[in-house]
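> Got a sequence here, can you model it:
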Amino acid sequence: MVAEHVLILPIGHYSSFVKLPSEVLEEMNKYKICLRDYFNSKNEDCIIFERNYKTQHLQLQVIPTPKNITQQARLEFLQTGPSHGLNFIEVPDNCRIDQIVKPDRAYLFIEFSEGPPLFSTVKSSIPLDYAREVLGSPNVMNLPHRVSWKECVASSEDESELSRMFRAGFKPFDFNET
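Numbers count the residues shown, from 1 in each chain. Coordinates of the predicted model:
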């Protein structure tokens, strides 16, 4: 969606955050903290989401955002969710996602740099790009041309350069490097 949009994926095969063993959960949470610190150092925030719907492997999407849009993004999810059958709740502090959803239930979980995460089960169906639609909407990041991942495909050379630049910038924040 944007140049430093990254995914956090476990090496082992797990279908959702709810099914992670504690050691994998801990490592993924460390990466989220490191990525937030990295983006903060660039005067950016990030929004992290998991769409556990029509997928076989856990992917946490981490999308860097301008500092001033976090609350607008939250509001946009809350306003557009019901028209897609998503009834978001705010997840209280110190509440794990596995405490609010059964392991085989489809859901959308969204974390912001400030304020509580949003969570909704998926009752019937949602557009696979729903979270990207919200973030790319005119009210949030105004990137309608970047909503579909198909519109974001880069050449191998460009991907390699973006990857190299990201790794170099992220290295001081990577807990595996310290």
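> how about the helices in this protein?
22-41, 70-80, 130-136, 156-170 (DSSP state H).
> for the ones you listed, which one sits closest to residue 13?
Nearest to residue 13, of all the helices of the chain, is helix 22-41, at 10.8 Å by CB to CB. Every C-beta, even on glycine, is put in place using the N, C-alpha and C of the backbone.
> Tell me the buried residues in that closest one?
Neighbour counts over helix 22-41 (16 or more other CB atoms under 10 Å) mark 24, 25, 27, 28, 31, 34, 35, 36, 38, 39 as buried.
> go on, stretch 42-52?
In stretch 42-52, counting by 16+ other CB under 10 Å, buried: 44, 45, 46, 47, 48, 49, 50, 51, 52.
> Identify, from these, the entry nearest to residue 130.
residue 51 (7.5 Å).
> and the closest one, how far is that from residue 121?
Separation of residue 51 from residue 121 (CB to CB, to the nearest Å): 12 Å.
> same deal with residue 82?
13 Å.
> which of those two has more neighbours?
residue 121 (17 against 11; other CB atoms under 10 Å).
> from memory that one sits against residue 105, does it?
Yes. Between residue 121 and residue 105 there is a contact at 5.6 Å, judged by CB atoms under 8 Å.
> In the chain, where is pLDDT below threshold?
178 (pLDDT under 70).
> Farthest out from the centre of it, which residue is that? Tell me.
residue 157 (25.3 Å; CA atoms, centre = their mean).
> Look up how far residue 166 lies from it.
Taking CB to CB, one finds residue 157 at 15 Å from residue 166.
> Likewise for residue 137?
Taking CB to CB, one finds residue 137 at 25 Å from residue 166.
> Please apply the same query to residue 57.
21 Å.
> When these two are compared, which one has more neighbours?
Counted by other CB under 10 Å, residue 57 and residue 166 do not tie: residue 166 has more neighbours, with 15 against 11.
> who's in contact with the nearest residue to that one once chain neighbours are set aside?
Excluding its sequence neighbours, the residue lying closest to residue 166 (CB to CB, 6 or more residues apart in numbering) is residue 4, at 5.6 Å. Counting by CB atoms under 8 Å, 6 or more residues apart in numbering, residue 4 touches 39, 64, 162, 166.
> I'm done for today, thanks for sticking with me.
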